[in-house]
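Participant: here is the input, now give the coordinates:
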Amino acid sequence: MKSILKIAALFVVAIPLSLSLKAQRGEVKMYLNYNYSLPLGSFKNDIVSKNSPRGFTGDILYSFNKKFALGGAVGFQDYYEKYPRATYKLPSGEDISAVISNSVQTIPVMVKGLYAPLGDKFSWVQPYVSLGAGINMVSFKQYLGEFGSSNTNVSFAAQAGAGIQVPFGRLSNSGLQLGAVYNYVPYTKNGYNNLNNLGVQLGVHFPLR
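Facilitator: Below you'll find the predicted structure:
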């Protein structure tokens, strides 16, 4: 897990360095969001049914014009649930009565684009849509009584989002954003199919000078 965090940190550091050469012609902005995640589909049915309030995202985007920006995004989300005692079948064929606990941490690292259709005119409410694609580093731990397993994998990740931005003032390049993102995360380890989820986000954005 520590190596995954180092990779993500290097990615975050590399983004502003790669964009700095273009900063004189455009604007580089940081987007910081609190992320509340809702597991969907087989993720919710088979692994963790509880929503996760333990998450954040950070984007660094270069604005090519008033409407379109492109850059990188990284995030973190922590899911956990302990299920009531039940009877489970072990790989050996034996039955065991135990409490099962599932713990999943995800770190998405993506290239992301943002489009604001009203970006070239002032408005106190600026709608936007976003798209992203990259990888998701997943740590999955499962405990069945005294039997435990843990593994870390990298999978494909894609994201689509929409929301609104509200500037702090008429002449301000900083503001608040509120939105939602659908995260597509195919995951085929341990007999599970995916880790798809819906994220509800609230945060701030500001230019990097």
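
Participant: please count neighbours and contacts with C-alpha atoms only from this point.
Facilitator: Noted.

Participant: any chance you could map the helices in this protein?
Facilitator: Under the criterion DSSP state H, the chain contains helices at 2-19, 41-42.

Participant: least reliable of these going by mean pLDDT?
Facilitator: Ranked by mean pLDDT, the helices of the chain end with helix 2-19 at the bottom, a mean of 48.

Participant: dump the residue contacts of the residue nearest in space to the middle of the chain.
Facilitator: What sits nearest the mean C-alpha location of the chain, by CA atoms, centre = their mean, is residue 75, with 4.6 Å. By CA atoms under 8 Å, 6 or more residues apart in numbering, the contact set of residue 75 is 55, 56, 57, 58, 106, 107, 108, 109.

Participant: point out where the protein drops to low pLDDT.
Facilitator: For the chain, the stretches with pLDDT under 70 are 1-25, 87-96, 145-147.

Participant: of the contacts of residue 75 - the most surrounded one?
Facilitator: Compared across those, residue 109 has the highest neighbour count, 27 neighbours, by other CA atoms under 10 Å.

Participant: what's opposite that one in the beta bridge?
Facilitator: Counting by DSSP bridges, residue 109 is bridged to residue 74, residue 135.

Participant: I'd guessed it sits against residue 60; true?
Facilitator: No: here residue 109 lies out of contact with residue 60, judged by CA atoms under 8 Å, at a distance of 11.8 Å.

Participant: shared neighbours of the two, which are they?
Facilitator: Both residue 109 and residue 60 are in contact with 72, 73, where contact means CA under 8 Å, 6+ apart.

Participant: follow-up on the earlier one: with adjacent residues omitted, what lies nearest to the residue nearest to the centre of the chain?
Facilitator: With sequence-adjacent residues excluded and distances taken as CA to CA, 6 or more residues apart in numbering, residue 75 is closest to residue 57, at 4.0 Å.

Participant: then residue 63?
Facilitator: residue 69 (4.1 Å).

Participant: partners of the longest strand seen in the chain in the sheet?
Facilitator: If you go by DSSP state E, the chain has its longest strand at strand 147-167. If you go by DSSP bridges, strand 147-167 pairs up with strand 126-144 (antiparallel), strand 175-184 (antiparallel).

Participant: what does the last one contact?
Facilitator: Judged by CA under 8 Å, 6+ apart, the contacts made with strand 175-184 from elsewhere in the structure are 157-169, 195-206.

Participant: now do it: distance to the chain's middle.
Facilitator: The chain centre lies 10 Å from the centre of strand 175-184; the measure is CA atoms, centre = their mean, to the nearest Å.

Participant: using PDB, write down the CA coordinates of it.
Facilitator: In PDB, the C-alpha atoms belonging to strand 175-184 read as follows (Å, rounded to 0.1, in the frame of the first residue of the first chain):
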ATOM      1  CA  GLY A 175     -14.900  29.200  -6.200                       C
ATOM      2  CA  LEU A 176     -16.900  26.200  -5.000                       C
ATOM      3  CA  GLN A 177     -18.000  23.100  -6.900                       C
ATOM      4  CA  LEU A 178     -20.700  20.600  -6.200                       C
ATOM      5  CA  GLY A 179     -21.100  17.500  -8.400                       C
ATOM      6  CA  ALA A 180     -21.400  13.800  -8.900                       C
ATOM      7  CA  VAL A 181     -19.200  11.300 -10.700                       C
ATOM      8  CA  TYR A 182     -19.900   7.700 -11.900                       C
ATOM      9  CA  ASN A 183     -16.800   5.600 -11.500                       C
ATOM     10  CA  TYR A 184     -16.500   2.500 -13.700                       C
END
